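J.: Just to be clear, the model below is a prediction. Sequence and coordinates:
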Amino acid sequence: MSNNLMDRIYAKAKANPKKVAFPEACDLKMLQAMVEVCEKGYADVVVVGNIEETKKIVDDNKLNDRDFIYIDILVR
């Protein structure tokens, strides 16, 4: 894809961000991607998984999760 096309896609996403659920909550690479998506304003990130495990990975790697929406899959 050309940069021009990708720029238009990113601009459209930023103009009207949607909620996007990510079930790979304990995967560091996915968490890093979620941070980037939030910081660039492309989407509202919904993190689905074990919140306790996910927050430990976030804290251990000093990731910014302040805009994440967490949904814990564990019934306590």
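T.: Received the coordinates, thanks.

J.: tell me, what residue is most central in this protein?
T.: M34 (2.4 Å; CA atoms, centre = their mean).

J.: Could you list the low-pLDDT ranges of the protein?
T.: For the chain, applying pLDDT under 70 flags the ranges 1-2, 75-76.

J.: how about the helices in it?
T.: 3-15, 28-40, 51-60 (DSSP state H).

J.: if we can go back for a sec, could you find the closest non-adjacent residue to the residue nearest to the centre of the chain?
T.: V45 (4.6 Å; CB to CB, 6 or more residues apart in numbering). Where C-beta positions appear, they are placed from N, C-alpha and C, glycine not excepted.

J.: partner residues bridging the one you found?
T.: V20 (DSSP bridges).

J.: measure it to C38 for me?
T.: Note on V45: its distance to C38, by CB to CB, to the nearest Å, is 5 Å.

J.: Between those two, which is the more surrounded one?
T.: Neighbour count, other CB atoms under 10 Å: between V45 and C38, V45 has more, with 22 against 19.

J.: how close does the more buried one sit to R8?
T.: Counting by CB to CB, the gap from V45 to R8 is 22 Å.

J.: And V47, how far from N3?
T.: Relative to N3, and taking CB to CB, V47 is found at 30 Å.

J.: Show me which of those two is the more surrounded one.
T.: V47 (23 against 7).

J.: And stretch 8-16, what's buried?
T.: Neighbour-count burial for stretch 8-16, with 16 or more other CB atoms under 10 Å as criterion, is recorded at A13.

J.: ok so, going back, show the contacting residues for the residue nearest to M34.
T.: Contact analysis of V45 by CB atoms under 8 Å, 6 or more residues apart in numbering lists K19, V20, F22, M34, V37, C38, D67, F68, I69.

J.: does the second one really touch V47, like I thought?
T.: No. In this structure, V20 sits apart from V47 without contact. The criterion is CB atoms under 8 Å, and the distance is 10.2 Å.

J.: And the contacts of stretch 28-37?
T.: 20, 22, 24-25, 43, 45, 47, 54, 57-58, 61, 63-65, 68.
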